[in-house]
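> sequence-free structure coming up:
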């Protein structure tokens, strides 16, 4: 297939997906802030009805369109074998859950309750004699 044919197929696919997207947006109800009731007793009932999960339709990958896009880019589309994918997913689901081994907590730290000891960390350098000063004074 030539690149012009692939580009045409891609353009038709993008127009179709844009049309599907526009149709989905048109069918989705949108609540405007101006039409929302301001704290009325019926508001909790409306919140309860909105709390239901949104049902997302199953997505099917358009393989033909993806192959055309890959070919237009100079690539080759490689698809996985559905039977091998299903077998791998079944094997993962059949594996037993790992046994949780809780960690042992650390031993509590025992604090010393004895008297505090003052430790001086600074020395008075005026009284400190350096090695070269001691050899001169001798």
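Structure received. Nothing here was measured: the structure is a model prediction, and the numbers come from that model. Residues are numbered from 1 along each chain as shown.
> in three-state terms, label residue 132 for me.
Classification of residue 132 using DSSP: H, G, I helix; E, B strand; the rest coil returns helix.
> quick one, helices of the protein?
3-27, 43-50, 63-72, 82-94, 131-137 (DSSP state H).
> which of those has the lowest average pLDDT?
The weakest mean pLDDT among the helices of the chain belongs to helix 3-27, with a mean of 51.
> I'd like to know how far residue 94 sits from residue 88.
11 Å (CB to CB, to the nearest Å). Yep, even glycine has a C-beta here, placed from its N, CA and C like the rest.
> more neighbours, these two?
Remark: of residue 94 and residue 88, residue 88 carries more neighbours, 11 against 7, as counted by other CB atoms under 10 Å.
> count of residues packed around residue 81?
8.
> now do the one 5 residues further on
By other CB under 10 Å, 10 other residues sit near residue 86.
> now it: how far from residue 62?
Distance from residue 86 to residue 62, by CB to CB: 20 Å.
> now do residue 112
From residue 112 to residue 62 the distance is 72 Å (CB to CB).
> so which of the two has more stuff around it?
residue 62 (13 against 7).
> which pLDDT value goes with that one?
88.
> that one and residue 55: what is the separation?
Separation of residue 62 from residue 55 (CB to CB): 21 Å.
> swap in residue 113?
64 Å.
> I'm done for today, thanks for sticking with me.
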